[in-house]
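J.: Everything below, folded, please.
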Amino acid sequence: MKNSKSKSILVLNGPNLNLLGSREPEIYGRETLLMIERRLVAAGKAKGIKVECFQTNHEGVIVDRVQQAKRDGVEFILLNPAAFTYSSIALRDALTAVQIPFIEVHLSNIHAREPWRAHSHFTAVAVGSVLGLGSRGYDLALDYAMARLKTG
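T.: Numbers count the residues shown, from 1 in each chain. The predicted structure is shown next:
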């Protein structure tokens, strides 16, 4: 049930992002997912907005979490679909079904990497995309989402 007192943003992270900090740091950086999540939660709290973070390596689990977000009254999603970017029609369908606005976030510039990474199933249905800015992309996406929730 939606809490009318508190705005809510869900940060969703897909497969292998639990390995941040140790996984290919030359591409993804040395910051862990927990460090990023703590920073985002603190930034939301400072603005009176609840930020909840969720990571999974399983497609069905992330689809279930998107559907639950609608029931929970989540008003905005920040999504790093990771490898699901290129394969998950199910996740795209869940996002369009719940009609919660979202920003697609990628740590690396997916267009500057292998050619198969250049196509995302999410870009066309996202409010916007932030890519190639490392973990700072999450901060920029969160700033936008919080401003959008405050104004509208």
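
J.: So Lys150 versus Glu75, what's the distance?
T.: From Lys150 over to Glu75 the distance is 11 Å, taken as Cβ to Cβ, to the nearest Å. For the C-beta atoms, the positions are set from N, CA and C on the backbone; glycine is no exception.

J.: list the residues that contact both of these two?
T.: Lys7 (Cβ atoms under 8 Å, 6 or more residues apart in numbering).

J.: more crowded one of these two?
T.: Set Lys150 next to Glu75 and count neighbours by other Cβ atoms under 10 Å: Glu75 wins out with 20 against 11.

J.: what ranges do the strands span in this protein?
T.: Using DSSP state E, the strands of the chain run over 7-13, 49-55, 76-80, 102-106, 128-131.

J.: Give me the helices and strands touching the shortest one, please.
T.: If I follow you right, that is strand 128-131. Packing partners of strand 128-131 (3 or more Cβ pairs under 8 Å, 6 or more residues apart in numbering; DSSP states H and E): strand 102-106, helix 136-151.

J.: The first one now?
T.: Judged by 3+ Cβ pairs under 8 Å, 6+ apart, strand 7-13 is in contact with helix 33-46, strand 49-55, helix 59-72, strand 76-80, helix 136-151.

J.: returning to that earlier point: let me have the strands of the chain in TSV, adding distance to His121 and mean pLDDT as columns.
T.: Putting these into TSV (distance: least, Cβ to Cβ, whole Å; pLDDT from 0 to 100) gives the following:
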stretch	distance to His121	mean pLDDT
strand 7-13	14	97
strand 49-55	19	98
strand 76-80	11	98
strand 102-106	10	97
strand 128-131	12	96
